[in-house]
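# predicted model follows, preceded by the sequence.
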Amino acid sequence: NAGVTQTPKFQVLKTGQSMTLQCAQDMNHNSMYWYRQDPGMGLRLIYYSASEGTTDKGEVPNGYNVSRLNKREFSLRLESAAPSQTSVYFCASSEDTYEQYFGPGTRLTVT
Amino acid sequence: AQSVTQLDSQVPVFEEAPVELRCNYSSSVSVYLFWYVQYPNQGLQLLLKYLSGSTLVKGINGFEAEFNKSQTSFHLRKPSVHISDTAEYFCAVSDTGGYNKLIFGAGTRLAVHP
C-alpha cells in the first residue's frame, strides 16, 4: 500500500517547455487534488477532482491543465512553463473522512 | 470565501517546554478545521481535525487543539515538545458543503532546541 505517489521528484525546465506531473493513489479515494507550495504562502489549490470524470478549478489554475485519467490517477500539465511556476507541487487524495493524504511532492524549477 | 491566518511564522522553543501555535480563520459558513505537519522534504501529514462535537481535539504525537467559535480560532498546543517535533505546521479550513477543498495558512516553523 504505497498511498499517494508522484513522479518525478525533481524537474528543471526552461521557460516555454511543457511537462506533465503524474500522481497515483491506491486507496480507492474518489477525490484528488493538486496544490503548489511557495515559501510564506502555505499550499494553494490548483485543481481538484471530486470524482472520476470531473475536474474543477481551485485558487490558482492559470497556466495549468489537469486530467483525471481514471479513479487512481490525476495528472497536472504545464503547457508553457514560466519562472513563476517554480514551486513544489503536491498531489493529495481523500474520501469522506475529510482527511487528505499527501504525496511526497515534485520540486520544479523553471529557468 | 475563507481565509486562515497563522500568527507566527517561526516559533523557537526549548526541548520539554510547552508550545502553542496560533491559528485564526474567517468564514461566512460552517467550517471544518485541520492541522497538518510537514517534516523536511516530505509531504503533509494530518495531526488532528475538528469536524463537530467536543471543541478540544486530540491528535497524534501528543498534540491537541481547541476550537473557539466566538474567537474564530483553532490553536495547536503540546505540553512538552521534543527535538523530533521540529517541522512546519499548517492550519487549514474547509467549508462543510463538500469536496473538502482546503484553504491553508502560511505555516509556522517550529524549531525545538536542546
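Sure, I can see it. Quick caveat: nothing in here was measured; it's all calculated off a predicted structure.
# phi, psi for B:Ile60 please.
Per-residue torsions, B:Ile60: phi -80, psi 160 (degrees, to the nearest 10).
# which pLDDT does the model give it?
For B:Ile60, the pLDDT comes out at 94.
# for it, what are its contacts?
Counting by Cβ atoms under 8 Å, 6 or more residues apart in numbering or on different chains, B:Ile60 touches B:47-48. All C-beta atoms are positioned from the backbone trio N, CA, C, and that covers glycine.
# do the same with B:Leu51
So B:Leu51 contacts A:98, B:32 (Cβ under 8 Å, 6+ apart).
# B:Trp35 contacts B:Ala65, correct?
Yes. Here B:Trp35 lies in contact with B:Ala65, judged by Cβ atoms under 8 Å, at a distance of 5.9 Å.
# overlap in contacts, the two.
Shared contacts of B:Trp35 and B:Ala65, defined by Cβ under 8 Å, 6+ apart, comprise B:48, B:59, B:74, B:76.
# low-confidence ranges, chain B, go.
For chain B, residues meeting the criterion pLDDT under 70 lie at B:98-99.
# spatially central residue for it, please.
The structure's chain B has its C-alpha centroid closest to B:Trp35; by Cα atoms, centre = their mean the separation is 3.4 Å.
# I'd guess that one is in a strand, am I close?
Yes. Counting by DSSP: H, G, I helix; E, B strand; the rest coil, B:Trp35 is located in a strand.
# show me what it is bridged to.
For B:Trp35, the beta-bridge partners are B:Leu48, B:Cys91 (DSSP bridges).
# need the contact list for it.
B:21, B:23, B:46-49, B:59, B:63, B:65, B:74, B:76, B:89-92.
# low-confidence stretches in chain A?
Where chain A drops to pLDDT under 70, the residues are A:1, A:97.
# enumerate the residues of it near chain B.
Counting by Cβ under 8 Å from any Cβ of the partner chain, the residues of chain A close to chain B are A:4, A:31, A:33, A:40-45, A:48, A:50, A:56, A:58-59, A:90, A:92, A:94, A:98-100, A:102-105.
# rewinding a little: tell me which of the contacts of B:Trp35 is nearest to chain A?
B:Leu46 (5.0 Å; Cβ to the nearest Cβ).
# how much space between the closest one and A:Thr54?
Shown here: B:Leu46 relative to A:Thr54, a distance of 24 Å by Cβ to Cβ, to the nearest Å.
# repeat for B:Ser52
According to Cβ to Cβ, B:Ser52 and A:Thr54 sit 27 Å apart.
# of the two, who's got more company?
Between B:Ser52 and A:Thr54, counted using other Cβ atoms under 10 Å in any protein chain shown, the more crowded position is A:Thr54 (12 against 9).
# quick one: contacts for that one?
Residues in contact with A:Thr54, defined by Cβ under 8 Å, 6+ apart, are A:Arg68.
# secondary structure element holding it?
In the assignment (DSSP states H and E), A:Thr54 maps to no helix and no strand.
# in CSV, list the shared contacts of B:Trp35 and B:Ala65 along with neighbour count, distance to B:Pro12 and secondary structure.
As requested, the shared contacts of B:Trp35 and B:Ala65 are exported to CSV (neighbours: other Cβ atoms under 10 Å in any protein chain shown; distance: Cβ to Cβ, whole Å; DSSP: H, G, I helix; E, B strand; the rest coil):
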residue, neighbour count, distance to B:Pro12, secondary structure
B:Leu48, 19, 23, strand
B:Gly59, 17, 22, coil
B:Phe74, 29, 22, strand
B:Leu76, 24, 16, strand
